[in-house]
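Chemist: Return atomic coordinates for the entry below.
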Amino acid sequence: MSWKTVVGLEIHAQMSTRTKMFCACARGSGTSANQHICPVCAGWPGALPVINQAAVRRAIRAAICHGCEVQRESRFDRKNYFYPDLPKGYQISQFYRPYALGGEISFKREDGSEGILPLVRIHMEEDAGKSVHAEDGTSRIDLNRCSSPLLEIVTEPLQMSGVEAARCVRSTRELLRWIGVCDGDMEKGNLRADVNVSIHREGDSTLGTRTELKNLNSFVSIERSVEVEAARQAQVLEEGGSIRQETRLWDQDLEQTESMRGKEDSPDYRYFPDPDLPLLIIESSDIDLERENLPEFPAARRTRYVDGLKIDEKAAESILARREFGDFFDQLLAAGLSGSSASNWFRGEVLKHLNDREELIDDYPLTPVSIATVVEAVEGDRISVAKGREILQAALDQNCSPEEILAQTDEQVSDETALIGWVQQVVDANPDAADKIRAGDSKPLGFLTGQVMKASSGQAHPRMVQEILQRLIQQG
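Modeler: Below you'll find the model as predicted:
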């Protein structure tokens with residue numbers, strides 16, 4: 001009988017607030033180590049924490065979108081353990097009374113069916129600092145990350161593959177980014193996952209002993225570590241051994257898991273209510289406010305683009321990759337462009353520029369209205385597509401508005417007499433290309449069109465040029 005893999009996830013998402021969870025220090029890594037710290041996040045005796053309201057509001061938003069039951073009363077507890085990057089000697093978390101219970105994560109099964117991963121809870125807590133290990137064998141502590149606001153999303157165990165586990169984390173990441181709760185930057189550790197893995201025989205209802213894979217910060221590492229750990233456990237059991245409940249590390253280079261320490265249980269952390277923090281009260285009006293301010297969800301926006309605007313599904317996916325992409329795209333629509341025009345120009349010009357420079361759309365200097373003005377000039381046959389792209393690029397290079405350049409651009413020539421003159425000149429200069437077209441080879445047509453555009457300094461109407469080329473060549 002085959003082995004079945006069961007996975008439980010603990011997803012840690014750093015909330016994208018301006019300040020930390022319990023103090024006014026700026027959230028973020030800073031330009032140098034220990035730049036954003038104060039007596040509260042550095043754990044000085046007597047320093048008192050204060051709950052970040054913006055973090056609580058983001059947490060409510062995350063709970064709503066995961067279908068959780070938000071608790072009116074919750075509280076913070078102290079999770080006691082010693083580690084060099086935890087200066088207080090405890091982490092402020094929620095154990096006994098978390099703010100959100102239940103909920104689910106939707107994901108796509110490998111067979112294409114819809115999967116649902118039930119949640120146990122979502123709770124708020126603070127992040128720890130960071131240990132930096134140098135090549136000379138020394139270690140240093142950077143407390144900039146200390147007390148950054150975290151959500152911990154805890155799931156029920158569910159039979160799934162490594163691929164499906166990674167899809168669950170990806171689904172959560174996309175949702176949290178979409179609603180503005182977490183930037184999802186896994187390389188910086190702003191979203192990471194602890195993965196609990198166990199195996200059991202097919203048909204056996206009793207779950208096996210689990211091991212925890214700690215701090216996985218990429219989808220590849222989640223997928224591969226689950227597969228490798230499940231295979232390791234199967235080998236141990238088939239050889240007559242037993243699985244030890246422990247925390248293991250994932251070695252990406254060697255593609256193997258390594259024992260780190262015995263797995264702690266809740267009694268080991270000696271949880272008790274934090275005496276410095278009051279009971280957290282979340283009113284129904286707080287939940288209603290966050291619900292009202294939620295953006296249009298990806299599924300609804302996808303339906304609007306694909307079914308309503310008839311945009312190709314693959315094109316729609318690139319627009320839906322980030323909420324801000326869709327917001328920019330919607331502004332192109334509001335400026336008067338059709339769905340197909342907005343899609344083509346957004347993906348061909350805006351996204352290409354951002355991808356080439358690895359920039360955010362917030363840094364893109366051209367407005368949707370400016371782009372729409374140029375596109376309308378193209379669609380009105382005032383300028384060519386190539387000239388439109390040239391104007392947008394020149395506006396970026398010269399740090400000016402496309403409208404200024406457009407106003408100084410000559411309209412493309414549609415006068416047939418002038419076009420015939422340029423076309424005849426090019427055909428006479430390239431008789432071999434003309435002969436190939438007469439013989440049924442259409443490939444030289446693009447070359448000849450380019451030559452006409454060059455002869456006209458880019459002013460000739462491209463579509464009319466091709467029509468005249470074909471007519472004159474067949475006549476001559």
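
Chemist: Helix, strand, or coil at the most centrally placed residue in the chain?
Modeler: Among the residues of the chain, E174 comes closest to the average C-alpha position under CA atoms, centre = their mean, at 5.3 Å. For E174, the secondary structure call by DSSP: H, G, I helix; E, B strand; the rest coil comes out as helix.

Chemist: For the residue lying closest to it once chain neighbours are set aside, give me its contacts.
Modeler: With sequence-adjacent residues excluded and distances taken as CB to CB, 6 or more residues apart in numbering, E174 is closest to P298, at 7.2 Å. Using the backbone N, CA and C atoms, a C-beta is placed for each residue, glycine as well. Counting by CB atoms under 8 Å, 6 or more residues apart in numbering, P298 touches E174, W178, L320.

Chemist: export stretch 259-278 as PDB, just CAs?
Modeler: Extracted as PDB, the C-alpha positions of stretch 259-278 are listed here (Å, rounded to 0.1, in the frame of the first residue of the first chain):
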ATOM      1  CA  SER A 259      17.600  17.700  12.100                       C
ATOM      2  CA  MET A 260      17.700  21.000  13.900                       C
ATOM      3  CA  ARG A 261      16.100  20.300  17.400                       C
ATOM      4  CA  GLY A 262      13.400  18.400  19.100                       C
ATOM      5  CA  LYS A 263       9.900  19.900  18.400                       C
ATOM      6  CA  GLU A 264       8.600  22.000  21.200                       C
ATOM      7  CA  ASP A 265       5.000  21.800  22.300                       C
ATOM      8  CA  SER A 266       3.000  24.600  23.900                       C
ATOM      9  CA  PRO A 267       3.900  23.800  27.500                       C
ATOM     10  CA  ASP A 268       7.600  24.300  26.600                       C
ATOM     11  CA  TYR A 269       6.800  28.000  25.800                       C
ATOM     12  CA  ARG A 270       5.100  28.700  29.200                       C
ATOM     13  CA  TYR A 271       2.500  31.000  27.600                       C
ATOM     14  CA  PHE A 272       0.800  33.500  29.900                       C
ATOM     15  CA  PRO A 273      -1.200  36.700  29.200                       C
ATOM     16  CA  ASP A 274       1.000  39.700  28.600                       C
ATOM     17  CA  PRO A 275       0.300  42.000  31.600                       C
ATOM     18  CA  ASP A 276       1.400  45.100  29.700                       C
ATOM     19  CA  LEU A 277      -1.300  44.800  27.000                       C
ATOM     20  CA  PRO A 278      -5.000  45.200  27.500                       C
END
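
Chemist: Contacts for it, please.
Modeler: The contact list for stretch 259-278, computed with CB under 8 Å, 6+ apart, reads 22, 48-49, 51, 75-81, 92, 95-96, 210-212, 214, 244-249.

Chemist: And stretch 417-435, by the same measure?
Modeler: Applying CB under 8 Å, 6+ apart, the contact partners of stretch 417-435 are 413, 444, 447-448, 451-452, 455-456, 460-461, 464-465, 468-469, 472-473, 476.

Chemist: Can you tell me the element G43 falls in?
Modeler: Here G43 is covered by no helix or strand, with elements defined by DSSP states H and E.

Chemist: looking at it, it is touching P87, isn't it?
Modeler: Yes - G43 is in contact with P87 according to CB atoms under 8 Å; the separation is 3.4 Å.

Chemist: State the pLDDT value of G30.
Modeler: Confidence per residue is given as pLDDT, and for G30 that number is 64.

Chemist: Looking at the record's assignment, how would you partition the chain?
Modeler: By the assignment in automatic domain parsing, the chain contains the domains 3-285, 295-407, 416-475.

Chemist: worst average pLDDT in those?
Modeler: domain 416-475 (a mean of 76).

Chemist: ok now that one, how far from the chain's centre?
Modeler: Relative to the chain's own centre, domain 416-475 is displaced by 47 Å; criterion: CA atoms, centre = their mean, to the nearest Å.

Chemist: One more: stretch 360-372?
Modeler: On the basis of CA atoms, centre = their mean, the separation between the geometric centre of stretch 360-372 and that of its chain is 20 Å.

Chemist: picking that back up, intersection of neighbour lists for G43 and P87?
Modeler: Common neighbours of G43 and P87, counting by CB under 8 Å, 6+ apart, are C146.

Chemist: For stretch 341-348, give me every contacting residue.
Modeler: So stretch 341-348 is in contact with 309, 311-312, 315-316, 318-319, 325, 328-329, 332-333, 337, 371, 375, 379, 389, going by CB under 8 Å, 6+ apart.

Chemist: Brilliant, that's me finished.
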